[in-house]
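> sequence plus the predicted model coming up.
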Amino acid sequence: MLDLSRYRPDAAAGGIRKTPFSNSGRHTANDTADRTASASAQTKKRTEENHSFMRSVRRATHRKYTPEEKHPIGVEGFHREITVNDLCRREGINPANYYSWTKEFMEAGKERLTRKTVLDATRHEN
């Protein structure tokens with residue numbers, strides 16, 4: 001007789017390998033579906049846990065910049081001595097944040113100029 005113990009240890013015992021899913025050693029369609037559903041549920045649960053963990057890390061590490069911190073970065077960007085990408089990389093900010101800050105600066109400057117012009121006009125009338 002051919003020795004199969006080297007290839008299949010259960011064959012050396014002379015029997016069919018048993019599995020936890022059936023007594024015959026063969027998988028049925030129901031067994032496969034149950035295992036697939038179980039694996040899918042576990043994967044979904046793990047994915048939700050990972051997403052939850054990533055959100056908590058992002059919230060904990062999110063950096064809020066004060067206007068005093070934004071001002072020098074914005075001014076340096078206006079001087080154009082360094083590219084915006086290099087400036088943002090050095091400061092550790094997203095270029096989209098830089099551009100939104102410059103938009104805020106420009107709007108604040110326009111508002112202040114408009115207010116000053118209105119104040120000057122009313123002073124001259126008095």
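Nice, thanks for sending it over. Numbers count the residues shown, from 1 in each chain.
> make it CA atoms for all contacts and neighbour counts henceforth
Fine.
> just checking, what packs against the strand or helix carrying Thr43?
Taking DSSP states H and E as the definition, Thr43 sits inside helix 29-61. Packing contacts for helix 29-61, counted by 3 or more Cα pairs under 8 Å, 6 or more residues apart in numbering; DSSP states H and E, involve no helix or strand.
> could you list the buried residues of the helix or strand just after that helix?
Using DSSP H and E, the helix or strand that follows helix 29-61 in sequence is helix 67-79. Residues Ile73, Gly74, Gly77 are the ones in helix 67-79 that count as buried (16 or more other Cα atoms under 10 Å).
> what's near enough to touch the first one?
By Cα atoms under 8 Å, 6 or more residues apart in numbering, the contact list for Ile73 reads Leu87, Glu91.
> how near is it to Asn50?
Relative to Asn50, Ile73 is positioned 34 Å away (Cα to Cα, to the nearest Å).
> please apply the same query to the last one.
From Gly77 over to Asn50 the distance is 37 Å, taken as Cα to Cα.
> would you mind giving the domain segments of the protein?
1-62, 64-126 (automatic domain parsing).
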